[in-house]
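1. Mind looking at a prediction? Sequence and model below.
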Amino acid sequence: MANEILSISTAGAEATLPPVRGRVVRSRWLFGVLTFLTVFGPGLIVMEADNDAGAVSTYVQAGAQYGTRLLWILLLLLPVTYFIQEMVVRLGIATGKGHATMIYQRFGRWWGMFSLVDLQLVNFLTLVTEFAAISLALSHMNISPTVGVPLAAVVLITMVLSGSYRRWERVTVFLCLLDLGWIAIALKVRPSFGEVFHNTIVPGIPQGGLTASLTFLVIAIVGTTIAPWQLFFQQSCIADKRLRFSDLKWARLDTFLGAVFTIVVAGCMMLAGNAAKIHGVSFFDPAQMANDLHIFSGGFVRSAMLLLMINAAVLGTTAISLSSAWAYGEVKGWPHSLEMPIRKAPGFYLTYVLCVGLAAAIVLIPGAPLQLIILGVQVLAGIMLPSAIIFLQLLLNDKEVLGQQFVNRPWNNWVNWTIIIVLFILSLILAAQVAAPNLFPAS
Amino acid sequence: MSVINLLRPVTVTEIPENHFVVVHPLDDVPEQKVNSSGLGAMRMTTSVKLSLMSLRGYLILMMLLVLYHVMDLAGVFGSHAH
């Protein structure tokens, strides 16, 4: 808001103002570009961090099993993921508070505690899977996980301890942009661009029809593209960055570009899997596939895939751990900001360190029940996602808090309720399949 | 002037005529946000009640599924289930 006042005051005569840190520019166009660059960050990070280790595995598997035939689902998910996160942007900018605080304040202690406990549980289990992926990729690079995993944990902890939101954001945006490497991989494996274009815009069912395994893979793609922690993360991130009312349009653009970038990267992951299908390489996990694929696609594809797997896990870990630390700090009433030094927000930083440290430690335990943990993530995410989105939708219709300016328009509500109902059904099918697999016929 | 220089803030005290000041949100004066702390719990309109009731039903169903899985693993339904 202060920003807006400053720009208005310059339209007429020269203006004097209290000292402020900023940059004076003459062109309105440059003013817009630079303002966007200062706001840019949370949208890209929340979207790209969702392309984490689990997502790499899911998208690559989809490509390895069905080639390019499921690309259209990604295109369909682009508006879905944008609409959900756009609501988070509005709520964050309007209230300046995190999602956990808002659920506590407006739905009471029981729902607040339910959301918090569920979030912490699913986040922690997801973190374990991120470190498991780091361990897997490192072992394929002949680096001992007992050295590499603790090193990754130390790097992840160091990223946030500087007491500067901006420093963390710059590093994380850089890591997000490293994912452009997936585009290089996709180009290197030389897909048929005509087929890619056709299968992206024309929905179709792969050969073999709608089997149970295809249904669950589709649900897994939807589930991995929209995750519960994203709602908590972006709202807290916006609150920590202190985005202003006047930043809303730029934050929306940031989120939209982040969504487009993420979907393009996810598509490239599918194309990497498609290369395995074309060359008859079996898929067990992305690291094994990268190894086996290098005979056909060269050392670049192998190394890039393994490194980007680690990058995906690192990105996912920092974002998920922060969403836990922010949410816990908000509910406990602790100081919780990346702008604060450790001594001023010890509880917030301790939560982050514990999340990262414990998850890394679990992965290093020989014989840790990783398969059980992955199942736990799927079930808990199935429980968490629809409930988190219901709260979000209700909060965005809360005129008492948001007034007319920020509440959902009727078309918003139609779109969002449709998305919510579809997500409810998909989450229920996935959770039912995980919890009670005997209810489903084998494909 | 490079982009990096453009993004590096300086202390601004005067704005020349027809110029603009780009201020990073973290360098700006904190603005007054909508106040939700004094409002208490959300008003239970029909749509809110219905939404929360559906959510409760969904959660109960999920818990039953998990319970079924645990009992299945414990062999309560016999070996044919596997």
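-> Thanks, I have it. Numbering: from 1, shown residues only, chains lettered A, B, ... in the order given.

2. CA-only coordinates of the longest strand along chain B in PDB, if you can.
-> Scanning chain B for the strand with the most residues, using DSSP state E, yields strand B:10-15. C-alpha atoms of strand B:10-15 as PDB (Å, rounded to 0.1, in the frame of the first residue of the first chain):
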ATOM      1  CA  VAL B  10      19.400   2.600  -1.800                       C
ATOM      2  CA  THR B  11      18.000   5.000   0.700                       C
ATOM      3  CA  VAL B  12      15.500   7.300  -1.000                       C
ATOM      4  CA  THR B  13      14.500  10.600   0.500                       C
ATOM      5  CA  GLU B  14      13.300  12.500  -2.500                       C
ATOM      6  CA  ILE B  15      11.300  11.400  -5.600                       C
END
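
3. Is any residue of that strand near chain A?
-> Yes: with C-beta under 8 Å from any C-beta of the partner chain as the criterion, chain A is reached by strand B:10-15 at B:10-15. Backbone N, C-alpha and C define where each C-beta goes, glycine included.

4. so what secondary structure elements neighbour the helix ranked longest in chain B?
-> Taking DSSP state H as the criterion, chain B has its longest helix at helix B:46-73. If you count contacts as 3 or more C-beta pairs under 8 Å, 6 or more residues apart in numbering or on different chains; DSSP states H and E, helix B:46-73 packs onto helix A:370-395, helix A:410-435.

5. Wait, a helix at A:Pro18?
-> No: under the criterion used here (DSSP: H, G, I helix; E, B strand; the rest coil), A:Pro18 is strand, not part of a helix.

6. How many neighbouring residues does residue 26 have?
-> Chain wasn't specified; assuming chain A. 13 (other C-beta atoms under 10 Å in any protein chain shown).

7. that's the wrong chain, I meant chain B
-> 18.

8. Name all residues that make contact with it.
-> Listed by C-beta atoms under 8 Å, 6 or more residues apart in numbering or on different chains, the contact set of B:Leu26 reads A:165-166, A:241-242, A:339.

9. Please identify the most buried of the helices and strands packed on helix B:46-73.
-> Highest mean neighbour count of the helices and strands packed on helix B:46-73: helix A:370-395, a mean of 21 (counted as mean count of other C-beta atoms under 10 Å in any protein chain shown).

10. just how off-centre is it within its chain?
-> Relative to the chain's own centre, helix A:370-395 is displaced by 14 Å; criterion: C-alpha atoms, centre = their mean, to the nearest Å.

11. Which neighbouring elements make contact with that helix?
-> helix A:71-95, helix A:99-140, helix A:212-225, helix A:228-241, helix A:410-435, helix B:46-73.

12. Out of those helices, flag the one nearest A:Pro346.
-> helix A:228-241 (16.7 Å; C-beta to C-beta).

13. picking up where we left off before, of the contacts of B:Leu26, keep whichever come out buried.
-> By neighbour count, with 16 or more other C-beta atoms under 10 Å in any protein chain shown, the contacts of B:Leu26 hold A:165-166, A:241-242, A:339 as buried.

14. Of these, which ones also sit close to chain B?
-> Within the buried ones among the contacts of B:Leu26, those near chain B by C-beta under 8 Å from any C-beta are A:165-166, A:241-242, A:339.

15. circling back: want to throw the helices and strands packed on helix B:46-73 into CSV with mean pLDDT?
-> Listed next are the helices and strands packed on helix B:46-73 as CSV, based on pLDDT from 0 to 100:
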stretch, mean pLDDT
helix A:370-395, 80
helix A:410-435, 84
